[in-house]
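Colleague: Turn this into a model:
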Amino acid sequence: MANPYTCEAQLDELVPGDTVKDFAYISEENFVLVVLLTSQGVEECLVAPTCMQCFVTRNPPRPLLVLSNKAGAVLLVDLSTRKCIAELSAPQSIREVEVVQTSDTTDILLTSFTDAQWIIPLENGGRCLTEVLTTCIPSEFKKTEPSSSHLRLCAEGITVLDSVGCFVELHNGLSAVGAVPKKRYKVDDPEVKLLRRSSESILMLKSSTITL
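Modeller: Predicted coordinates for the structure are as follows:
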């Protein structure tokens with residue numbers, strides 16, 4: 001079955017007058033590619049880009065860029081051909097995109113400006129991106145529950161911050177969320193925030209910090 005989300009958009013070259021809003025990069029042994037998210041201030045509000053991430057697919061390996069905009073459109077761009085290979089529509093405007101990969105799966109974690117989150121599968125076992133997206137129905141995107149929980153990617157896996165239950169859990173991956181966590185921390189600060197560094201996650205409280 002043909003991929004229903006295929007489109008023909010291409011990446012544009014950077015020109016004088018562009019404003020850099022965000023960037024992503026992908027690197028190999030002797031190669032580094034930096035992708036700039038730019039705006040010339042002429043786009044309509046809803047098509048203004050908001051965030052992006054780069055990653056390499058598992059089967060077959062190829063560099064992809066995930067790009068979202070204020071209208072909730074999620075574009076997948078093949079960086080080797082510089083063409084958009086798929087476009088999905090999220091339920092809300094997206095402010096953050098995270099790519100979660102294991103040895104045989106790839107998922108996208110979307111976070112909206114209202115902090116609602118959805119999980120979009122891209123690769124699953126031996127099924128490649130095209131096979132998975134062909135059966136992906138936007139209205140059936142998996143929404144993270146409960147709404148008080150907020151998921152973040154970290155070096156150790158996935159962190160789950162529950163602002164109502166006032167706890168933070170650390171899991172190996174998205175499929176493990178809801179099961180017994182690797183670590184669990186009770187926090188009493190209702191204004192707790194979860195930050196991320198390249199090697200660890202930092203739990204920021206009013207009076208202290210916890211390294212996960």
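Colleague: Excluding residues flanking it in the chain, which one is nearest Phe113?
Modeller: Arg95 (4.9 Å; C-beta to C-beta, 6 or more residues apart in numbering). Using the backbone N, CA and C atoms, a C-beta is placed for each residue, glycine as well.
Colleague: can you count the residues close to the one you found?
Modeller: Other residues near Arg95 come to 15 when the count uses other C-beta atoms under 10 Å.
Colleague: State the pLDDT value of it.
Modeller: For Arg95, the model assigns a pLDDT of 88.
Colleague: quick one: average confidence on stretch 134-144?
Modeller: In this model, stretch 134-144 has a mean pLDDT of 69.
Colleague: From start to finish, how long is that stretch in a straight line?
Modeller: In stretch 134-144, first residue to last residue: 22 Å (C-alpha to C-alpha, to the nearest Å).
Colleague: contacting residues around the nearest residue to Ile85 once chain neighbours are set aside?
Modeller: Excluding the flanking residues, the one nearest Ile85 by C-beta to C-beta, 6+ apart is Asp78, at 5.0 Å. Asp78 makes contacts with Arg62, Pro63, Leu64, Cys84, Ile85, as judged by C-beta atoms under 8 Å, 6 or more residues apart in numbering.
Colleague: who wins for most neighbours among the residues you listed?
Modeller: Leu64 (22 neighbours).
Colleague: Surely it and Leu76 touch.
Modeller: Yes: using C-beta atoms under 8 Å, Leu64 is in contact with Leu76, at 5.7 Å.
Colleague: Would you mind listing the residues in contact with Pro121?
Modeller: Thr105, Thr106, Asp107, Val132, Cys136.
Colleague: how's this structure carved up into domains?
Modeller: Domain ranges of the chain: 1-143, 144-212, per automatic domain parsing.
Colleague: mean pLDDT lowest for which of these?
Modeller: When the domains of the chain are compared on mean pLDDT, domain 144-212 scores lowest, with a mean of 67.
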